[in-house]
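Asker: structure of the sequence below:
(2 chains)
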Amino acid sequence: MQKKDAKKAQRLSIIPGLGQFYNGQTIKGVLFIIILLAFVAEFALVGVSAFANLFTLGSVSMEDNSLFMMIYGTLQILLTIVFLVFWIANMYDAKHVAQLINNGKKVSHTFKELGANLLDGGFAYLLTTPAYFLMIFTIVFPVLVTLLMAFTNYDFAHIPPAMLLDWIGFKNFTSMFFLSSYRATFNAVFGWTVIWTVCATTLQIIIGIATAVIANQNFIKGKRLFGVIFLLPWAIPAFVSIMSFSNIFNDSAGAINVQVIGLWNTLVPFAHIAPIHWMTDTFWTKVAIIMIQGWLGFPYIYVMITGILQAIPEDLYEAATLDGATVMQKFNKITLPTIFAIAAPIFVTQYTFNFNNFSMIYLFNQGGPGDVGANAGGTDILISWIYKLTTGTSPQYSLAAAVTLIISVLVIGISLIVFKKTHAFEMGD
Amino acid sequence: MENATAPTKNVNSKQNSARRHRFWKEFFTYFYMAILAIIIIYPVLITFITAFKDANVSAFVLDFGGKWTLANFKDLFTTTLYGSWYLNTMVISISCMVIQVIVVTLAGYVYSRYRFAGKKFSLTFFIVIQMVPTMAALTAYYVLANMLNALDHYWFLTAIYIGGGIPQNTWLMKGYFDNVPYDLDESAKLDGAGNFKIFWSIVLPLVKPMIAVQALWAFMSPVQDYLMAKFLLTSESHYTVAVGLQTFINNAQNQQVVLFSAGAILVALPIACLFFYLQRFFVSGLLAGGSKG
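Answerer: Got it, this is the predicted structure:
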């Protein structure tokens, strides 16, 4: 059989299909050329104007809808990327098939063979396609639109089609950092978001580890019963618990003020406590939210840590005891390092989860009480502020998009660093 | 004589201190667990018994006295939209569950078993996508829903739930498939079984527990979600349970805590039961996923 030049096949496939013809795969070559022609036609008919419109965002109000132009433009970007991926794959395929021929392997020429090959070798692509399709349209595409929106002036004063949108560069970001009114709000909300994330998650982790270590001792009776009770906050849907707590912390009729503080005052009359303004004092709402998140979130950590503890070999502790190690030493030198080695990624996901824990903030007291400007309440975190910016009476879509971008960059950046450090995503095939 | 008793005394006091030490250890252990148990049960119990209270309770507290009634459950379905909310939630959750489990199982299987061009690249894509919180596109969802006339429609919301769960759950599923020995595939292949047969009748039966867990999670994420549903559903009769229940208590002047509690029980009880039933499977699955990636 005649030897094929793999490099030449690859070079020919710069025009998709030619390399496949060279390899003698006529049907595949025709298919690839059809895909190329279809894309070129689409690009000439729709693509060019879509890109142009994305660039200008329209020029005549009422006639040009800037928003649609932005969305079609984004779709065109995605389509172009998909084509580029196909283009690269096509060149790779030409080279690969040429090498197969040189090694004397059989390649498919007819329709039937191609179909069988697709079912066999292409099984992998066939089965992952739905996942990619869904992810591209529900995650990648909306994220791209958000990314673009952050650089426009889309707000209550500019609503297409009555008004045109314009690209305004980094103005949303600069006004957030430098314009005094927005800066004050952003700083207040961002500061509380960080405090909330750190305090609530750390509390969750401390209670979780403590409970796992304490409840894992051998002498305890009724382990199963305690196990069920400790899992209750995880088993009950969080929104149900949060709304219940919002009633329980009610200033006038809630159980904490009426029953718990009442009981305390009868038992310890000399240390009298007045009812606390859980819902009307920003400070106390913050305290309550952090405590409740500890309640809601510790079971997950507790379960994970229990699993890890049970995997630590018993002789490790016995050897340490023989060497005269104290309980604290054993905990610090054996238990804690093992926990952190395995559970670090789990802890990080908890931090990033709470960073965006909308339900806890909004369902407890709707981000209130108080007001820190620009629609934000005293206990609003970034994600609930975005919600209010988008759904309020005078929506600020582009500003909300800008805040969203900041959140995403922070969350992804921190996750990437930690996951890389802990090697959580070592990819063994 | 004295020389003989001294060591015994020493041993005795050592035993005593060890016993005292053990007593305090057990005391603090049980004390901690009892306090924690009380803190957990107290709020749950308040909500539970309030559901059976007369409509004009004055406070949301733990109180076993007073008249007990089932009227709240009847009112829930006759005077409020709770029935439709429940049904809406079921429709969304079940569609999400079915589609997501199929998609995730197929993708997880492929990533565990096949070597193919672009595998490494697409796995990296998965990892990065997994870190993007679905909320990162909040504003875009709103605009898209407006443009597609999908505001207040379930298909759009359901699609977002499905897509949002895919990256992470595919990872977990891949980890679980990795634990099924490859030898099984190899011997089946030698016996002449095709790709589909190996997947369907050899590997799939072995990962049933994980599929059950995936189903629970895919079912739970729409039930649990408040933000997207509140954001994209506008008419009250289209609400999900989470959004609907909140309307009972968000008006400070007219809080219907008894109706809220009754509605809370009806949604929390079946979910908690499923949770405890499937719990042993997902703990091992999560640990495998968390430590291996």
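
Asker: residue A:3 contacts residue A:103, doesn't it?
Answerer: No. Residue A:3 is beyond contact range of residue A:103, at 10.4 Å (criterion: C-beta atoms under 8 Å). Heads up, the C-betas are built off the backbone N, CA and C, glycines and all.

Asker: number of residues surrounding residue A:40?
Answerer: Residue A:40 has 12 neighbouring residues, counting by other C-beta atoms under 10 Å in any protein chain shown.

Asker: using the three-state scheme, assign it.
Answerer: Three-state call for residue A:40 (DSSP: H, G, I helix; E, B strand; the rest coil): helix.

Asker: where does pLDDT dip in the chain?
Answerer: No chain was given, so I picked chain A. Applying pLDDT under 70 to chain A flags the ranges A:1-2, A:106-122, A:422-429.

Asker: try chain B instead
Answerer: Scanning chain B for pLDDT under 70 picks out B:1-11, B:133-136, B:252-253, B:283-293.

Asker: which residues are in contact with the closest residue to chain A within it?
Answerer: For chain B, the residue closest to chain A is residue B:163, as judged by C-beta to the nearest C-beta, at 2.6 Å. The contact partners of residue B:163, by C-beta atoms under 8 Å, 6 or more residues apart in numbering or on different chains, come to A:134, A:135, A:137, A:138, A:139, B:134.

Asker: what's the burial count for residue B:13?
Answerer: For residue B:13, the count of nearby residues is 10 (other C-beta under 10 Å).

Asker: the one 5 residues further on too?
Answerer: Taking other C-beta under 10 Å as the neighbour definition, residue B:18 ends up with a count of 10.

Asker: again with residue B:99
Answerer: Residue B:99 has 19 neighbouring residues, counting by other C-beta under 10 Å.

Asker: pull the number of nearby residues for residue 247.
Answerer: Answering for chain A, as no chain was given. Residues near residue A:247, counting by other C-beta under 10 Å: 23.

Asker: the intended chain is chain B.
Answerer: By other C-beta under 10 Å, the residues close to residue B:247 number 16.

Asker: isn't residue A:53 right next to residue A:71, touching?
Answerer: No. Using C-beta under 8 Å, residue A:53 is not in contact with residue A:71, being 10.3 Å away.

Asker: and those two? Which one has more around it.
Answerer: Ranked by neighbour count (other C-beta under 10 Å), residue A:53 and residue A:71 place residue A:71 first, with 23 against 20.

Asker: buried sites along the strand or helix carrying that one?
Answerer: For residue A:71, the host element (DSSP states H and E) is helix A:66-102. The neighbour-count check on helix A:66-102 (16 or more other C-beta atoms under 10 Å in any protein chain shown) flags A:66-67, A:69-77, A:79-80, A:83, A:87, A:89-91, A:93-98, A:101 as buried.

Asker: near chain B, which of these show up?
Answerer: Restricting the buried residues of helix A:66-102 to those touching chain B (C-beta under 8 Å from any C-beta of the partner chain) yields A:67, A:71, A:89, A:96.

Asker: measure the residue lying closest to residue B:102 once chain neighbours are set aside to residue B:140 for me?
Answerer: Counting by C-beta to C-beta, 6 or more residues apart in numbering or on different chains, residue A:130 is the residue found nearest to residue B:102 once chain neighbours are left out, at 7.8 Å. Distance of residue A:130 to residue B:140, given as C-beta to C-beta, to the nearest Å: 22 Å.

Asker: now swap in residue A:41 and tell me
Answerer: Between residue A:41 and residue B:140 the computed distance is 29 Å (C-beta to C-beta).

Asker: and these two? Which one has more around it.
Answerer: A direct count of neighbours by other C-beta under 10 Å for residue A:41 and residue B:140 places residue B:140 higher, at 24 against 11.
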